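> predicted model, plus sequence, below.
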Amino acid sequence: MSKKKSDTDVNRVPEAYRPSEAEESAGPEGRARKTHNEQGGSKRNLHYPEAPEALPIAVVDNHTHLDFLDGTVNVSARDALAAAEAVGVKGLIQVGCDVPSSEYAVQVANEYASILAAVAIHPNDAARLAEAGELGSALERIEELASDPRVRALGETGLDYFRTGEDGRDAQEHSFREHLRIAVELGKAVQIHDRDAHDDVVRILKSSQLPPKVVFHCFSGDERLAKICNDNGWYMSFSGTVTFKNSHDLRAALNLADPQLLLVETDAPFLTPHPFRGRPNASYMIPYTTRFMAETKGVELAEFCARIDANTREVYGEF
């Protein structure tokens, strides 16, 4: 993880993720297109990072969004799987955030043996749909999709107090509880989106009938939340955020976390691990985060990968 921030070695970027020759040969104007102006005038490098060294034992990306476009290229599910498999990432959980993305998750999981699906209404979308009077019908469609055998989790659902104000919290809680109900009735896991809402997420979980497995996607808590997860047998899925230099609480939580409750994810195309923070993410980037986690826990890499793989199968079953 000590690589300097420099131009990507394009030859080490998976072929499907490389920029076009036209862009690369366009001189200064072409190179300028590597970046994207965001709000506030900041810029991003939109080229995908180079592939990491392959893991000694293959693991699964516990949470990704193949249908979300970032960067300068559009990569097919087939090519994304091939790039991931080349570095020891043998499969992925494709996660829905609304009805269209959940339908896509079911479709792609039925097309590829190394993809499983999770379907849900994201908490921010739950508030928006409730305001429009459409949340009920959306939840009905999610329940239909969740019955597909390739769907192994309801997610991502939960609470988000960062982007939704107090006026949307009742809708978020209602949606969260409905996802828990569906997961219980179908015997499937739940993937939780928890942003700035730890106490209320825990409150709802402790006051509800729970499905067989509960996963905190993109775990964002500290040692206190990690202890609660340990005590309740709830899984903690760490993303590239744990590698960020200022993520001291996350690393403390990782150190405390029960190894049998650990998972790893990209949340691609977001949350690219250090030193590529801010650039597009993809499932082939999982080894960077996995190695960092193993080093932080003081566990030999192959042993750690085997543990992660076993945990993933415990939550989602066999592919």
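Structure's in. What do you need?
> and the residue nearest the centre of the chain, how far from residue 158?
Residue closest to the average C-alpha location in the chain (CA atoms, centre = their mean): residue 267, at 2.6 Å. The gap separating residue 267 from residue 158 is 14 Å, by CB to CB, to the nearest Å. Quick note: C-beta positions are derived from backbone N, CA and C, even for glycine.
> residue ranges of the strands in the stretch 1-150 of the chain, please?
Per DSSP state E, counting those that start in this stretch, the stretch 1-150 of the chain carries strands over the ranges 35-37, 43-45, 59-64, 89-95, 115-119.
> which stretch in those is the model least sure about?
Ranked by mean pLDDT, the strands of the stretch 1-150 of the chain end with strand 35-37 in last place, scoring a mean of 42.
> one step back: now do the same for the residue nearest to the centre of the chain: its pLDDT.
On pLDDT, residue 267 comes in at 98.
> do residue 38 as well
47.
> could you pull up the contacting residues of residue 70?
Going by CB atoms under 8 Å, 6 or more residues apart in numbering, residue 70 touches 46, 269, 270, 280, 281.
> if we use 10 Å, what do you get?
Neighbouring residues of residue 70 by CB atoms under 10 Å, 6 or more residues apart in numbering: 36, 44, 46, 48, 268, 269, 270, 272, 279, 280, 281, 282.
> can you put those residues in TSV and add distance to residue 65 and neighbour count?
What follows is these, written out as TSV (distance: CB to CB, whole Å; neighbours: other CB atoms under 10 Å):
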residue	distance to residue 65	neighbour count
36	18	15
44	17	15
46	17	17
48	15	29
268	6	26
269	7	21
270	8	16
272	13	26
279	16	21
280	12	25
281	10	29
282	10	28
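> before we move on, the earlier item: so which of the strands of the stretch 1-150 of the chain is nearest residue 315?
Using CB to CB as the measure, strand 59-64 is the one of the strands of the stretch 1-150 of the chain that comes nearest residue 315, at 8.0 Å.
> apart from its chain neighbours, what residue comes closest to residue 168?
In space, and not counting its chain neighbours, residue 168 is closest to residue 127: 3.0 Å by CB to CB, 6 or more residues apart in numbering.
> any chance of a markdown table for the strands of the stretch 1-150 of the chain, columns distance to residue 70?
Listed next are the strands of the stretch 1-150 of the chain as a markdown table, based on distance: least, CB to CB, whole Å:
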| stretch | distance to residue 70 |
| --- | --- |
| strand 35-37 | 9 |
| strand 43-45 | 9 |
| strand 59-64 | 12 |
| strand 89-95 | 15 |
| strand 115-119 | 19 |
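> out of those strands, which is closest to residue 165?
strand 89-95 (24.6 Å).
> okay, now the sheet partners of the closest one, with direction.
strand 59-64 (parallel), strand 115-119 (parallel) (DSSP bridges).
> need these in JSON lines (columns: distance to residue 147).
Compiled in JSON lines, the strands paired with strand 89-95 are given as follows (distance: least, CB to CB, whole Å):
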{"stretch": "strand 59-64", "distance to residue 147": "21"}
{"stretch": "strand 115-119", "distance to residue 147": "10"}
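> much appreciated, bye for now.
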